[in-house]
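Take this sequence and fold it.
(one chain, ligands or ions: 2)
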Amino acid sequence: MSSLELPEIDLSGFHVTSFNEKTWAKARSKIAEALELYGGFEVIYNEVNLDLRNDLLGVAVPELFTMPGASNLIDSKELPYHGAFFSKPGFPFWALQLTNPNTIAPIQEYAKVIWPQGNDFFCNAVLNYANHMQKLIQTIHRMILESLGLEDHYDSHIKSLSYSIRFANYYKGNKIALPPHKDPNYISIVCQHNIEGLEVENKSDEWIETKPSKNSFTVLVGEAFKAWTNGRLHVPNHRVKLKNETEKRYAVIFGTVPIHTNDMINAREELVDEEHPLLFKPFKYYDYIKYRFTDGENLEDALKSYCGV
Ligand SMILES: O=C(O)CCC(=O)C(=O)O
Ligand SMILES: [Fe+2]
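Ligands and ions are numbered 1, 2, ... in the order given. Model (predicted):
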């Protein structure tokens, strides 16, 4: 593996409720090592088969972006980024976000805004995909907590989270279709389709092109997890760079976010000591989101400016 590739880790068949001790421990140490170096990795996960990937990224999501009703979802003033609609002025990109995609009701409600007669194909593809991603992301959260000696907190940690799914569309335009940024949530899992373009910056400021295969996804740590672990996790800068400026690109980003809008993110006390003084004051995640996408928009390290000690 050259240093300009993200490590690839196979988590097919793993879940927190069923695993083989030996392979679990091996995968966990690979994840810990990858996060230390890159703040992310490429995960192989065969549970999402090619048909589902095509149904979602080849059919359901492209159709979504052709629907005039999608603009009815545009109301991101209250919660930029976590609102239904998200864009970056000047970049050929827009995204629609849906929270709680792991039960059918919120998906159907969302779909009704776009397709008043409903769209079972879209709803089933999203639900099916989200349920696989939920299992995968829980496994990753569990392994990270274990690596930090926090396994006893896994149940309460998972109960404090909910899930979000973002559908992104890049259209004709600049090569840098999404500028460098860090994700503010706990963990993101990016699924790219026929057109790649996601790049992740390493600690030597080099851009690593991700090379997803048909059964792999890119996992990225976000700022909420960094704050919760008192800086133990590295949050990678990443961007989307298109090779061909005329191509249409789709991606789906699944992530973990705090469950309640008023929830505070507090560093785990076990990870604060003389050697590791507190890095971030407790903060309300969704207040930080508002800051991040307004006053904090162009800061190098918005989290530090917002609540750094
Ligand atoms: O489209 C992609 O590959 C990644 C998008 C991304 O980084 C984001 O939406 O935060
Ligand atoms: Fe991102």
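
The protein against ligand 1: which residues are in contact?
By the rule Cβ under 6 Å from any ligand atom, the part of the chain lying against ligand 1 is A95, R166, A168, L178, D183, V190, Q192, L198, H238, V240, A251, I253. The C-beta positions use only the backbone N, C-alpha and C, and glycine is treated the same way.

Which one of the residues you listed is nearest to R232?
D183 (17.0 Å; Cβ to Cβ).

Please identify the helix or strand for the closest one.
Under the criterion of DSSP states H and E, D183 resides outside all helices and strands.

same deal with A177?
Here A177, judged by DSSP H and E, is contained in strand 176-181.

can you check K22 too?
Take DSSP H and E as the rule and K22 turns out to sit in helix 21-38.

So what touches the helix or strand that that helix is followed by?
Sequence-wise, the next helix or strand downstream of helix 21-38 (DSSP H and E) is strand 40-44. Here strand 40-44 makes contact (Cβ atoms under 8 Å, 6 or more residues apart in numbering) with 6-12, 30-31, 34-35, 136, 140, 189, 200, 210-213, 215-221, 236, 238.

try stretch 28-35
6-7, 9, 40-41, 140, 143-144, 146-147, 221, 233-234.

switch the cut-off to 6 Å
Defining contact as Cβ atoms under 6 Å, 6 or more residues apart in numbering, one finds that stretch 28-35 is touched by P7, I9, F41, M143, E146, S147, L233.

Identify the residues contacting the last one.
Pointing back at L233 there. Here L233 is in contact with L35, V221, F225, K226 (Cβ under 6 Å, 6+ apart).

Mind doing that once more with 10 Å?
32, 35-36, 39, 144, 147-148, 186-187, 221-227 (Cβ atoms under 10 Å, 6 or more residues apart in numbering).

Buried only: go through the contacts of strand 40-44 for me.
Listed as buried from these are 6-11, 30-31, 34-35, 136, 140, 189, 200, 210, 212, 215-221, 236, 238; burial here means 16 or more other Cβ atoms under 10 Å.

which secondary structure element contains the residue in the stretch 1-150 of the chain that ligand 1 sits nearest to?
Residue nearest to ligand 1 within the stretch 1-150 of the chain: A95 (6.0 Å; Cβ to the nearest ligand atom). Per DSSP H and E: A95 is located in strand 93-99.

Can you report how many residues neighbour the residue of the stretch 101-250 of the chain found nearest ligand 1?
Of the residues in the stretch 101-250 of the chain, the one nearest ligand 1 is L198, at a distance of 3.6 Å by Cβ to the nearest ligand atom. Neighbour count of L198, defined by other Cβ atoms under 10 Å: 24.

circling back: next step: the contacts of L233 restricted to strands.
Those of those mapping onto strands are I187, V221, per DSSP state E.

nearest to K159, of the contacts of L233?
K159 has its nearest neighbour among these in Y186, at 13.3 Å by Cβ to Cβ.

Could you count how many residues lie near that closest one?
By the measure other Cβ under 10 Å, the count of residues near Y186 is 28.

show me the contacts for it.
137, 140-141, 144, 157, 160-161, 221-229, 233, 255-258, 265, 285.

Among the residues you listed, name the ones in helices.
Among the contacts of Y186, the residues falling in helices (DSSP state H) are I137, I140, H141, I144, H157, E223, A224, F225, K226, A227, W228, Y285.

Contacts only, for the fourth one.
In this case it means I144. I144 neighbours (Cβ under 10 Å, 6+ apart): 28, 31-32, 35, 150, 154, 157, 186-187, 221, 225, 229, 232-233.

try 8 Å this time
Counted by Cβ under 8 Å, 6+ apart, I144 has contacts I31, A32, L35, F225, T229, L233.

got a list of what the residue of the stretch 1-150 of the chain closest to ligand 1 touches?
When contacts are counted by Cβ under 8 Å, 6+ apart, A95 touches F85, F86, S87, R166, F167, A168, N169, I253.

Do you have the helices of the stretch 51-200 of the chain handy? List them.
Using DSSP state H, counting those that start in this stretch, the helices found in the stretch 51-200 of the chain span residues 61-64, 104-114, 120-147, 154-159.

any idea which of those is most buried?
helix 120-147 (a mean of 20; mean count of other Cβ atoms under 10 Å).

I'd like the mean pLDDT over it, please.
In this model, helix 120-147 has a mean pLDDT of 98.

Of the contacts of strand 40-44, which belong to strands?
In this view, those that belong to strands under DSSP E are E8, I9, D10, I189, V200, S216, F217, T218, V219, L220, V221, H238.

If anything else comes up later, I'll come back, but that's it for now.
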